[in-house]
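Undergrad: coords please:
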Amino acid sequence: MSPPTWRDRIPAINSSLLAALFFLIPTQIAPAYVLSALMLALWLVEGRLHAKWQLLRVNPVFWIFQAYFCWYVVSLAWTADMTAGASMVTRHLFFPLAALYFTVARREHTQRYLVAFAAGVLLCELLAGYNWLQLNLYPHWPASLRAAKDAMETAPFVDRILFGPTLAFAGYITAWQALVCRRAGQRGIAVAWAAACLATIGVLSFSGSRTGMLSFSLMMAVLTLQALKRHRAWATLCAAIVLVGTAAGLYAMSDGTTRQRVLDGFAEARNLDAAVNLSVPLRYTMAVNTLHIIAEQPWLGVGAGDFVSAYKDMNTRRSPAWNAPRNPHNQLLFTVATTGVFGGLLLLAVWFAPPWLNRNLNDGLGALRVGLPVFFFTVCLAESYLWRTNTALLFALFSALLYGPVPTLHPPADLRPTPT
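TA: Numbers count the residues shown, from 1 in each chain. Take a look at the predicted model:
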């Protein structure tokens, strides 16, 4: 057999770049765009575009992603602020990049991608731990990388709004992999994954992220249901216990700042109408005002670029004392308000159609196919996480892993699938 040419090596190189993107998820987003551009250039140089197109053409998940993105582009036709509309469209560029990611992802490299993601999160956890020690116990230590959220922010690159949910999903991934490896008899690897999960729990306890803590608790309940799926009644009871126990455990472990944020959340929830501009009441007011925007323009929405102006007008009419945000901190409401009911249906399809379409696929990734949309639907009730670039990248990359083509175009003969 003749040795591989340099073009034959491009799929392996691009797969390594894809792993690097997984590593970058919890860090800055600019390097991810650079790597994606490099990957795209290599992808085009490699050629075989017809073969790649054939793989994409028969992939319904790819078309769902494109329909969601294209509807934002179409909504520019009725938006007044084209500059803001273009900005909104660019925030969803990871969806058209599915054409790249879906054809680069290689199923035999699943473990590589998962380890790269876990390694990126672990790096950020180490920096966050250092930041917590420097802020609370050793102020004479030199300052490290810290997001500019507030004086007590510990997350190194992105603030707790993005870092907390990323930690929660990483906790689910590591716990799931610990179970998978234990069942496969890989005890040493299972212990390593379990240790990574414990590290994530530790950082969540001082992250200051209520969304991260709640979503992690929910994902542990989901994992319990998945692990005990043959015993539904017992699984449901255990999942409820795990949900409450994990939330209580995280609260008990939390530092003073995080615990106070949790207590503040409960206090604010009892006074939604009067606690002007506090976190939870503000989210409630934003949701109500956005629903009124939707009620006035339900079918097409206000257009991709006009949410800010539409919300300011509604806020002036209904709640002038409250702040006006850039987004309503709810992805579904945001999508419907800007692109109408059809856009909202496409968003639900982006989340839930892919696992349903692939429900009979037996490749060991079924649990993750369920976990991904459950996680995003949950956290997107608290923020527009497909509008935020780091978490949008997380969704795009894990979707590529789950729904990209199973075979490679020209797999080397000596490659064998890694247990997943």
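Undergrad: Check whether P354 sits in a helix, strand or coil.
TA: helix (DSSP: H, G, I helix; E, B strand; the rest coil).
Undergrad: My understanding was that it contacts A400; is that so?
TA: No. Checked against C-beta atoms under 8 Å, the pair P354 and A400 is beyond contact range at 11.1 Å. All C-beta atoms are positioned from the backbone trio N, CA, C, and that covers glycine.
Undergrad: Just want to know which of those two has more residues nearby.
TA: Neighbour comparison, P354 and A400: the larger count goes to A400, with 26 against 22 (by other C-beta atoms under 10 Å).
Undergrad: List the residues that contact the more buried one.
TA: Contact partners of A400, counting by C-beta atoms under 8 Å, 6 or more residues apart in numbering, are L18, A98, Y101, F102, V104, A105.
Undergrad: can you tell me how far it sits from A118?
TA: 17 Å (C-beta to C-beta, to the nearest Å).
Undergrad: same check, this time on Q28
TA: Taken as C-beta to C-beta, the span from Q28 to A118 is 18 Å.
Undergrad: And for the nearest residue to F69 once chain neighbours are set aside, the neighbour number?
TA: Of all residues not flanking F69 in the chain, F95 sits nearest, at 3.9 Å (C-beta to C-beta, 6 or more residues apart in numbering). A count of nearby residues for F95, using other C-beta under 10 Å, gives 22.
Undergrad: which one of the contacts of A400 has the most neighbours?
TA: V104 (28 neighbours).
Undergrad: what's the closest non-adjacent residue to that one?
TA: N14 is the one closest to V104 (C-beta to C-beta, 6+ apart), at 4.5 Å.
Undergrad: Same question for P281.
TA: According to C-beta to C-beta, 6+ apart, the nearest residue to P281 is A275 (4.3 Å).
Undergrad: Quick check on that neighbour: phi, psi?
TA: phi -80, psi 80 (degrees, to the nearest 10).
Undergrad: about what we covered before: now name the helix or strand holding the residue nearest to F69.
TA: Assigned by DSSP states H and E, F95 belongs to neither a helix nor a strand.
Undergrad: which ones are touching it?
TA: So F95 contacts F65, Q66, Y68, F69, A396 (C-beta under 8 Å, 6+ apart).
Undergrad: Looking at those residues, which are in helices?
TA: Assigned to helices by DSSP state H, the following of these qualify: F65, Q66, Y68, F69, A396.
Undergrad: Any stretches of the chain with poor pLDDT?
TA: 1-4, 405-420 (pLDDT under 70).
Undergrad: So for Q28 and A118, which residue has more residues nearby?
TA: Shown here are Q28 and A118; by other C-beta under 10 Å, A118 has more neighbours (23 against 14).
Undergrad: isn't that one right next to A196, touching?
TA: Yes. Contact criterion C-beta under 8 Å: A118 and A196 qualify, at 5.4 Å.
Undergrad: Any chance you could list residues touching both of the two?
TA: Joint contacts of A118 and A196 (C-beta under 8 Å, 6+ apart) are A170, T174.
Undergrad: Identify the residue spatially nearest to V203, adjacent ones excluded.
TA: V203 sits nearest to E125 (C-beta to C-beta, 6+ apart), 4.5 Å away.
Undergrad: Remind me which helix or strand that neighbour belongs to.
TA: Short version, using DSSP H and E: E125 is in helix 110-136.
Undergrad: What is the distance between that helix and the centre of its chain?
TA: 16 Å (C-alpha atoms, centre = their mean, to the nearest Å).
Undergrad: before we move on, what about stretch 167-176?
TA: Per C-alpha atoms, centre = their mean, the centroid offset for stretch 167-176 relative to its chain is 12 Å.
Undergrad: Ok, stretch 146-166 next?
TA: That offset, for stretch 146-166, works out to 16 Å (C-alpha atoms, centre = their mean).
Undergrad: end-to-end on that stretch?
TA: Start and end residues of stretch 146-166 are separated by 16 Å (C-alpha to C-alpha, to the nearest Å).
Undergrad: in it, what counts as buried?
TA: 146-147, 149, 152-166 (16 or more other C-beta atoms under 10 Å).
Undergrad: which residue packs closest to A19, ignoring adjacent ones?
TA: A116 is the one closest to A19 (C-beta to C-beta, 6+ apart), at 4.2 Å.
Undergrad: Who are the contact partners of that neighbour?
TA: Applying C-beta under 8 Å, 6+ apart, the residues near A116 are A19, A20, F22, F23.
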